[in-house]
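got a structure for you, letters missing:
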C-alpha cells in the first residue's frame, strides 16, 4: 500500500512539474508573439519586459503572493521540506497531498506570470519600461493573488460571499488568469492612450503592421503547445485511470478548440477584408484556447471545436470594435484574453451544469473584472503621478529600444526608422 501511494505521489508530482514547465514555456511564446507584432524599433524593449516580468512574478509570488492566495507561506527551503513531510525529514506522510506543495507553488507561479504577460503586449510601443515593471510588482504580488484567493483559494470575497458556493467554476483560468490580465491591460491602455499615428483626427484607424510575422507565428505555436500544460496540468493528477483519461480528454479538447478558433477567424477575416489575414488566424487560435480553458474536461470533441470557433469569430469583431473605440492594443490581447475569457466562463454551464450556473459565472466574472480593473487603474494612476507611464513623443518616434534599453534588436538590418 505504501509503495503504491509513493508511486502515485511521485507520478502526480512529476506530471505537475512537467506541466508547469510547459506553462513556463508560454513565456517564450508571449515574448515571440509580441516581438513579432510590434515594430522593429520596439523589439528589444518588449523582450526585456517579458524576461523581467517573469522573474518579478516568481519573486513576488514567493514573497507574498502565494500566502495571500492560499493562506500559506512557502518560506525557506527548510520550511518547504517541513510542509512536505511534516517534520523536515525525508519520506512522505500517508496524509500528504497528491503532489508536493513546492510543485503546487511552481505550477501556480507560472500562471501568475501568464496573467502579467497579457498586459505586456497591450501597452507596447509607448510605455516606460520601469513603470511597467513597477506595475508588475503590484499585479503579481497583490492584485492577482487577491482574486485568486476568492476563486481557486476558496475564500469569501471581502468576507461577504463565496464564488464557488454561488455556482462559479473556472477549470484552468479563462477568467481567473486571462480575463484578469486583460482587465489590468485595459486599465493601463486607458491611462496610457493610443500610439501616435494610430488614429486620425477624423476617427479613421491606421494599420501599424508588426515587424516579424514569422516570429509572431512561432510565438503562437509555442503558446499552443504550452497550453497543454496550462489546461492539462489543471487536472492535477495522472496516476490513476480516471485522471489519465481526464488528461487525455483535456489535451484533445484544447487542441481542437485552437484549431476551430484559427479556421473560424481566418474565414471571417476573408469575408470582412477579402484577404486571408494571418494575424487574425493567430489571434483566432489563441482565442479558441482561451475559450476552452474555463472547462476543457466536459465538452465533446465537436463541442470543443465549436466553442473554439465561436471564440475565433468573436475575437475578430472585438479587435475591430476596440479600434472603433480608439482603444489601442497592438497585439489584440484585450480581445483575445478579456472578451473571449468572458465567453469561456459563460460556456461552462453548457457542458458542466452540475458545478456551475450562468448567474454564478456572471457574478464571478464581474467580481474578477471589477477588482482587477479598479485596483489596476488606481495603480497605473499612482505610477503615472510618481514616475510617469509614457515615453516622450520623440522617444516613441525613435523607438523605445534605444531610449529604454540602449540597443536595437536588428542593428544590421535597420536602415531607417519606421
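Yep, it's here. Model, not experiment: these values are computed from the prediction.

Confirm that residue 330 sits in a helix.
No - secondary structure assignment (DSSP: H, G, I helix; E, B strand; the rest coil) places residue 330 in coil, not in a helix.

tally of neighbours for it?
Taking other CB atoms under 10 Å as the criterion, the count of residues near residue 330 is 23. All C-beta atoms are positioned from the backbone trio N, CA, C, and that covers glycine.

Tally up the residues packed near the nearest residue to it once chain neighbours are set aside, please.
If the residues on either side of it in the chain are set aside, residue 330 comes closest to residue 124, at 4.7 Å by CB to CB, 6 or more residues apart in numbering. Residue 124 sits with 26 neighbouring residues when counted by other CB under 10 Å.

Start at 50, not 1
With the count now opening at 50, the last piece we talked about shows up as residue 173.

Assign a three-state SS to residue 173, would you?
Here residue 173 is coil, with the state taken from three-state DSSP.

if I pick it, what's in contact with it?
Applying CB atoms under 8 Å, 6 or more residues apart in numbering, we find residue 173 in contact with 83, 86, 87, 91, 95, 379, 380.

export those to TSV and tack on secondary structure?
Formatted as TSV, the contacts of residue 173 follow (three-state DSSP):
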residue	secondary structure
83	helix
86	helix
87	coil
91	helix
95	helix
379	coil
380	coil
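
Next, give phi and psi for the residue nearest to residue 379.
For residue 173, the backbone dihedrals are phi -70, psi 160 (criterion: degrees, to the nearest 10).

pLDDT score assigned to it?
The confidence metric pLDDT takes the value 97 at residue 173.

Tell me how far it lies from residue 90.
11 Å (CB to CB, to the nearest Å).

got it, and residue 304?
Residue 304 sits 36 Å away from residue 90, taking CB to CB as the criterion.

Residue 181 now?
The gap separating residue 181 from residue 90 is 17 Å, by CB to CB.

Next: residue 456.
Counting by CB to CB, the gap between residue 456 and residue 90 amounts to 12 Å.

Could you do residue 339 as well?
When distance is defined by CB to CB, residue 339 is 30 Å away from residue 90.

who has more neighbours, those two?
For residue 339 and residue 90, the more surrounded residue by other CB under 10 Å is residue 339, and the numbers stand at 34 against 23.

Who are the contact partners of that one?
Residues touching residue 339, when contacts are defined by CB under 8 Å, 6+ apart, comprise 223, 227, 360, 385, 386, 389, 390, 393.

before we move on, which element is it in?
Secondary structure assignment for residue 339, by DSSP states H and E: helix 327-342.

Tell me the first helix or strand C-terminal of that helix.
Past helix 327-342, further along toward the C-terminus, the next helix or strand under DSSP H and E is helix 350-373.

the inter-axis angle of that following helix versus helix 327-342?
130 degrees (axes from the mean of the first three to the mean of the last three CA atoms, to 10 degrees).

And the next helix or strand after helix 350-373, what does it pack against?
Next along the chain after helix 350-373, taking DSSP H and E as the criterion, comes helix 382. Under the contact criterion of 3 or more CB pairs under 8 Å, 6 or more residues apart in numbering; DSSP states H and E, helix 382 touches helix 150-171, helix 229-241.

what's the closest of those helices to residue 266?
helix 150-171 (15.2 Å; CB to CB).

Could you list which of the contacts of residue 339 belong to helices?
Secondary structure assignment (DSSP state H) places 360, 389, 390, 393 from the contacts of residue 339 within helices.

Least confident secondary structure element in the chain?
helix 126-134 (a mean of 37; mean pLDDT, DSSP states H and E).

Can you get me a residue count around the residue nearest to residue 400 when sequence neighbours are not counted?
Closest residue in space to residue 400, ignoring its immediate chain neighbours: residue 347 at 4.1 Å, by CB to CB, 6+ apart. The number of residues packed near residue 347 is 20, by other CB under 10 Å.

Check residue 202 too.
Other residues near residue 202 number 17, with proximity taken as other CB under 10 Å.

Next one: it, what pLDDT does it get?
According to the prediction, residue 202 has pLDDT 93.

Then residue 378?
Checking the pLDDT column for residue 378, the value is 97.
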